[in-house]
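1. Generate a structure from the sequence data that follows.
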Amino acid sequence: MNNNNKLYPFERNRYYPGKMLTSADFQAEQNYHINKVRFLNGLMYGSGIVCGLGVFSLDDQSVLIESGAAIDGHGREIIVDSSTVKKLSAIEGFDQLTGDVARLCVRFREQEIHNVYSVNRKEDEKEYEYNRISESYELFLTDKDLDRVDYAPETEFLTKETLFKGENYIGEVMIPATVSKGKNVKIVLEIRKLSAEDVSLNCRGLLEMPAFATAEGEHEIEIGIEGLSLTEGETFRKEYWVRVQDTPAIVTELILRSGTAFAFENDAAINTSSNFSLRVMLSKISPLELVSNETGKLNLEMRGIGLMDDAVPLADLKIVRTANNYLIDTITEDTVKHYILTPAQILMRSQYLSYFEMEVDLAEKKIERQETVAAGPGSGRTEFTNIATGTLEVPLGKNARAGDIRYSGEIPHGLGPGNIYVDIGYSYVSENPEAAANQKCTFYGNPDLFSRKNEPMTDVETAVKVLNEKGSFVVAAKLLRDVDYLTLTFRWVAIRFPSGDEMELTEDYYDKSISVATPTVIMGTKESHFFSVRFNNMKATGITYELTAPGSGEISSDGVYTAPSREGVYEIRIFCTEMPVICTYAYAIVRKKMIGESENGGGSAGESGI
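-> Sure thing, here's the model as predicted:
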């Protein structure tokens, strides 16, 4: 059995007239096609179970292994063509087990069969030779704790920093090096146990995230764990989901706020990072494209790193031993098996996943609603922020004559008191010869300009009285000729305009402001701090940061301030990009820190909303 995992470069026979073929040539012919298939198996599918190979307890000492197919780490197909029953004690490796949990595995096996007489053999060659090679499988048992470890190739997909490291534990913070704008992404705190000592861990840190937001809209997140106890080599992962903001920036940072990190093994403090930043690229492409691009970058050498195991795990069996015998207690498959997703299974997977995934994320989808409200004689009113519209009817009564004036009821427009402009349009039904039908039109202004027969089209003259203090209006209609219908129908439009003091400060800005979470910070030279902004009585919007004086350090587009090398007090102006009148100020007190000194937030400064 050839265990060489490097199957390339490929060589095939070159045939020419008169070439003498030997067994080596025929072997090369076979190897060419065999290695090509195995190379593609490993490259396209990896290793694992393709289908079947379930493991069941038949009785206290025997297991049933179902038929199925798998591919090992060398790209070789392992075919179990029919279900088989095995006593545990009859499986290879049983006598070498030392623990209470055994791992049942299957591996590829070649066996020479069909013994035939060797014709034209030489004197020193065998009289009989095997005529075929049967590709089969074999089962074996091994201690679970002695499993081989598969080393994943290092890629540039994740960016990570060490939060703390002691004699017993190490903690790292990681996030994809490139993320998709407007999508969710997770930050992972990974903690690994380095020793066998019975030691518990407490750790904490505060991450500032200029271009990320939690579900509550915060730009900072606390990470950590209390009372964690692991065994040697065990890894604990804690996930924090955030949303990437749709910002014009192409790069951002996750910053560990200075002085917020600590870690204790039992009651003893261990080394923690005082301040670090994770550089993250912001992209417009989808997460699927990001992942596809990253996995496609792996070259053959990188794919060949690590162990190419010939064993495919099937199940873990917990064994209870007696003085002279054994019993199979439990069988675990879920955490042991690794299944290969083949193209034939993709459709089935999509159908099954539809039971767990929604096509529309209702938590993120904002549904805007237009309300229709009856308003006395008017009806069908639709409201927006600064504009409202609807229909109204003016009753005429019987025997209405030219010169009569009729009034609508008082109609609330819904925009509140103030300077409101209201216009009405006359609804008119006219004949359309081309369509051989009547069509309804609404005229604003003088409809007679559209008359082709020099005949007046309008039946009434109208006026609107706006009741500014009450937030309503009344329509008056004077008949220009006798009519035989009972009501007049109009479409009305109301628009709010600023007036008086509102010309300098419109109601759009009333009671709206922004403030800085920590408006005054004390920091060391060349240190970085993220100025997180809170929105008061307004929705989150784009923010612009600027320094008010040259030589004040640097401020990024997403609010990460880097102090200069010179001590001093520096001012940062922060305002809404689309509404610059809404602004506030932050201050950085920069001085050289003494050893062991941490960041302390000072008093609030410059939190004026406007």
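2. check contacts around the residue nearest to Ile285 when sequence neighbours are not counted.
-> Once flanking residues are discounted, Ile285 sits nearest to Ser180: 6.5 Å by C-beta to C-beta, 6 or more residues apart in numbering. Bear in mind the C-beta positions are built from the backbone N, C-alpha and C, glycine included. By C-beta atoms under 8 Å, 6 or more residues apart in numbering, the residues touching Ser180 are 244, 283-287, 290.
3. let's go with 7 Å and repeat that
-> With contacts defined as C-beta atoms under 7 Å, 6 or more residues apart in numbering, Ser180 is in contact with 244, 283, 285-287, 290.
4. from these, which is closest to Gly227?
-> Proximity of the contacts of Ser180 to Gly227 (C-beta to C-beta) peaks at Val244, which lies at 32.0 Å.
5. I'd like to know how far Gly166 sits from Gly227.
-> As for Gly166, its distance to Gly227 is 16 Å (criterion: C-beta to C-beta, to the nearest Å).
6. Compare these two and say which is more crowded by neighbours.
-> More crowded of Gly166 and Gly227, by other C-beta atoms under 10 Å: Gly166, with 20 against 7.
7. dump the residue contacts of that one.
-> Applying C-beta under 7 Å, 6+ apart to Gly166 gives the contacts 263, 265, 270-271.
8. okay, which residue is most central for the protein?
-> Closest residue to the average C-alpha location of the chain: Asn184 at 2.9 Å, with C-alpha atoms, centre = their mean.
9. ok, it touching Gln245?
-> No: using C-beta atoms under 7 Å, Asn184 makes no contact with Gln245, being 11.6 Å away.
10. that older thread, of all pairs in the contacts of Gly166, which one spans the longest distance?
-> By the measure C-beta to C-beta, Glu265 and Asn271 form the most distant pair in the contacts of Gly166, at 10.7 Å.
11. which one of those two has more residues nearby?
-> Between Glu265 and Asn271, counted using other C-beta under 10 Å, the more crowded position is Glu265 (19 against 10).
12. That one bridge partners, please.
-> Glu265 forms beta bridges with Leu201, Ala268, as assigned by DSSP bridges.
13. Would you check that it makes contact with Ile170?
-> No: shown here, Glu265 and Ile170 do not form a contact pair, counting by C-beta under 7 Å, at 11.0 Å.
14. How about the secondary structure of Asn35?
-> Secondary structure for Asn35, judged by DSSP: H, G, I helix; E, B strand; the rest coil, is helix.
15. For the nearest residue to it once chain neighbours are set aside, which residues are in contact?
-> Using C-beta to C-beta, 6+ apart and skipping the chain neighbours, the partner closest in space to Asn35 is Leu7 (4.0 Å). The contact partners of Leu7, taken as C-beta under 7 Å, 6+ apart, are 35, 38-39.
16. Looking at those residues, spot the one nearest Gly68.
-> Of the contacts of Leu7, the one sitting nearest to Gly68 (C-beta to C-beta) turns out to be Arg38, at 18.9 Å.
17. Next one: the residue nearest to that closest one when sequence neighbours are not counted from Glu112, what distance?
-> Computed as C-beta to C-beta, 6+ apart, the closest residue to Arg38 that is not its neighbour in sequence is Gly75, at 3.3 Å. As judged by C-beta to C-beta, Gly75 and Glu112 stand 22 Å apart.
18. okay, these two: which has more neighbours?
-> The residue with more neighbours, out of Gly75 and Glu112, is Gly75; 24 against 11, by other C-beta under 10 Å.
19. quick one on the thing from earlier: could you flag which of the contacts of Leu7 are buried?
-> Neighbour-count burial (16 or more other C-beta atoms under 10 Å) applied to these gives 35, 38-39.
20. C-terminal to the helix or strand Val106 falls within, what's the next element?
-> Remark: Val106 resides in strand 101-117, with elements defined by DSSP states H and E. Using DSSP H and E, the helix or strand that follows strand 101-117 towards the C-terminus is strand 128-143.
21. Show me what the next helix-or-strand element following that following strand is packed up against.
-> Sequence order places strand 158-165 as the next helix or strand after strand 128-143, per DSSP H and E. On a contact count with 3 or more C-beta pairs under 7 Å, 6 or more residues apart in numbering; DSSP states H and E, strand 158-165 meets strand 169-176, strand 200-208, strand 271-272, strand 277-283.
22. and strand 158-165 with strand 169-176, angle?
-> When axes from the mean of the first three to the mean of the last three C-alpha atoms, to 10 degrees is applied, the directions of strand 158-165 and strand 169-176 differ by 160 degrees.
23. Give me the pLDDT for the residue nearest to the centre of the chain.
-> pLDDT for Asn184: 90.
24. for it, what are its contacts?
-> Counted by C-beta under 7 Å, 6+ apart, Asn184 has contacts 241, 243.
25. Report the beta-bridge partners for it.
-> Going by DSSP bridges, Asn184 forms beta bridges with Arg243.
26. ok, the residue nearest to Arg38 touching Asn41?
-> Yes: between Gly75 and Asn41 a contact is recorded at 3.7 Å, counting by C-beta under 7 Å.
27. Now, of the contacts of Ser180, which are buried?
-> Looks like those have 244, 283, 287, 290 buried, using 16+ other C-beta under 10 Å.
28. Secondary structure of the last one: a strand, I assume?
-> No: the assignment for Leu290 by three-state DSSP gives helix, which leaves it out of any strand.
29. The nearest residue to it once chain neighbours are set aside - how many residues pack around it?
-> What sits nearest to Leu290 in space, not counting adjacent residues and going by C-beta to C-beta, 6+ apart, is Thr178, at 5.7 Å. Residues within reach of Thr178, counting by other C-beta under 10 Å, total 19.
30. Leu288 versus Thr178, what's the distance?
-> 13 Å.
31. any idea how far Lys160 is from Glu567?
-> 33 Å.
32. shaky segments in the stretch 401-550 of the chain?
-> Low-confidence segments of the stretch 401-550 of the chain (pLDDT under 70): 428-440, 447-458, 485, 497-510.
33. which residues does Thr162 contact?
-> 170, 172, 273.
34. at 10 Å instead, please
-> Going by C-beta atoms under 10 Å, 6 or more residues apart in numbering, Thr162 touches 170-173, 271-273, 276.
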